[in-house]
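Curious how this folds, go ahead:
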Amino acid sequence: MYVARLSATDFRSYAQVDLDFDPGVTALVGPNGQGKTNLVEAIGYLATLASHRVAHDAPLVREGAERAVVRGVVVQDGRETLLEVEVTPGRANRARRGGAALPKARDLLGTLRTVLFAPEDLAIVKGDPSGRRDFLDDLLVARAPRYAAVRSDYDRVLRQRNALLKSAGSARRAGAQLRTLDVWDAHLATAGAALLAGRHELVEALHPLVDKSYAAVSRGGGPTAMEYSSSVAPEIAGSTDRELLEAALSAAVAASRDKELDRGLTLVGPHRDDLVLSIGGLPARGYASHGESWSLALALRLAAYDLLRADGGEPVLILDDVFAELDAARRESLADLVAPAEQVLITAAVASDVPEQLVGARYDVAAGQVRRVR
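Numbering: from 1, shown residues only. Here you go, the predicted model:
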């Protein structure tokens, strides 16, 4: 799989940009702040309907414009498919595939698959649990787009339940509100069990690949460990049995009812969980050095790439200003690992940041202009 063409209108800093890509390596080179990342962000948006830089769509639309449009031609097994997403802040985005409008934008998911490396990835290892939960859920959706609906359902139920907890907590004797809360408890258990089952299965599949990739990036470091830490109950650790998970989540929610009413907040469920990452038997967060943390962050992305490739259809690899963050040894190791990919897109401030193993096509990006130089 590779992206053969990218077109963006009113996306970030670009009023209009059109680029053609070949399989293999393409580097986008230019000083910081000139629009390199905007281009790979647009490709990532076609794949995930999200940005790796911001949580909301408004910053993606060029100042003064009402909407942005991103189009891409994806080639897989010799067949071209045109993808299009219209981004309109405050309204539902619209998507088309092969010229046909899709009922929901998320129906586009799975057509283009990408794995993106960025400096922000360090937060997966060193940051808050939310970053690790997002890493798992994003990969779940990339592997099986149906999890986009599961994730959306859980988030919707959580918002509704939290709103009800706040109002019911101020009037404990409001029987109607508490009966309504019982209904949302059941919805939370059902949606949460589906998400937990997917996460547990993913962690089991991912860990051996992370361990292999970490050893390769760090040149023999490790071993690594991944443990899913649940807010529900320790006895469900690793289970993919939805009935068991739903029952455990229901029991945990019931046991937390009084505390939740006091705080007006849902205290148990997948939104409170964590993925505990370890190196050499010690938690990476708080114990790993900067270099070890970078190696583990890279290993997580490489493992995601291996997992998606094993599922069928090689993803496009995007390396957004990563090499400048790495020492010489890790830079060389990463270059060796990604060089065989069908398509690798790299952004770099200077050409010398791109390792020799990854020399290929090159665009220079400056002052909003993109020019192919080889």
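
Tell me where the stretch 51-200 of the chain has helices.
Here the stretch 51-200 of the chain has its helices, by DSSP state H, counting those that start in this stretch, at 122-126, 129-143, 147-169, 175-217.

Identify the residues contacting the third one?
So that's helix 147-169. Contacts of helix 147-169 from elsewhere in the structure, counted by CB atoms under 8 Å, 6 or more residues apart in numbering, are 106, 109, 137, 140-141, 174, 177-178, 180-181, 184-185, 187-188, 191-192, 194-195, 198, 260-266, 269-271. Where C-beta positions appear, they are placed from N, C-alpha and C, glycine not excepted.

Mark which of those are buried, thanks.
When burial is judged by neighbour count using 16 or more other CB atoms under 10 Å, the buried members of the contacts of helix 147-169 are 106, 109, 137, 140-141, 177, 180-181, 184-185, 187-188, 191-192, 194-195, 198, 260-261, 265-266, 269-271.

Next up, the contacts around the residue most central in space within the chain.
Taking CA atoms, centre = their mean, the centroid of the chain lies closest to D138, which sits 3.9 Å from it. For D138, the contacting residues are T48, A50, by CB under 8 Å, 6+ apart.

K259: neighbouring residues, count only.
For K259, the tally of surrounding residues (other CB atoms under 10 Å) stands at 11.

In three-state terms, how would it be classified?
Using DSSP: H, G, I helix; E, B strand; the rest coil, the structure places K259 in helix.

Give the closest residue to it in space, chain neighbours not counted.
Distances taken as CB to CB, 6 or more residues apart in numbering place L267 nearest to K259, at 6.0 Å, with adjacent residues excluded.

I'd like the secondary structure assignment at that neighbour, please.
Per three-state DSSP, the local secondary structure of L267 is coil.

What is the neighbour count of it?
L267 is surrounded by 17 other residues when neighbours are defined as other CB under 10 Å.

repeat for R97
17.

In this structure it contacts L108, no?
Yes. Under the criterion of CB atoms under 8 Å, R97 lies in contact with L108, with a separation of 5.9 Å.

Now do the shared contacts for these two.
A shared contact of R97 and L108, defined by CB under 8 Å, 6+ apart, is any residue touching both; here these are L83.

Return the distance of A148 relative to G238.
The gap separating A148 from G238 is 24 Å, by CB to CB, to the nearest Å.

Looking at the two, which has the bigger crowd around it?
A direct count of neighbours by other CB under 10 Å for A148 and G238 places A148 higher, at 22 against 12.

In contact with A284: list those residues for me.
V125, K126, L277, S278, E292, S293, L296.

distance of it from A329?
The separation that A284 has from A329, given CB to CB, amounts to 19 Å.

same question, Y45
Computed as CB to CB, the Y45 to A329 distance reads 33 Å.

Just want to know which of the two has more residues nearby.
Comparing Y45 with A329 by neighbour count (other CB under 10 Å), the higher total belongs to Y45, at 24 against 13.

now that one, what's its secondary structure?
When states are read from three-state DSSP, the local structure at Y45 comes out as helix.

What does the pLDDT read for the residue nearest to it when sequence neighbours are not counted?
Nearest-residue entry for Y45: V70, 5.8 Å, with adjacent residues in sequence omitted and distances by CB to CB, 6+ apart. At V70 the predicted local confidence, pLDDT, stands at 98.

With the one 4 residues further on instead?
Residue-level confidence at V74 comes out at 97, pLDDT.

Next: the one 10 residues further on.
At E84, the model reports a pLDDT of 98.

what does the one 3 residues further on give?
At V87, the pLDDT value in this model is 96.

residue contacts, the closest residue to it other than its chain neighbours?
Ranked by CB to CB, 6+ apart and with sequence neighbours excluded, the top spatial neighbour of V87 is A68, at 4.4 Å. Contact analysis of A68 by CB under 8 Å, 6+ apart lists A8, T9, D10, F11, R12, L60, V61, R62, E86, V87.
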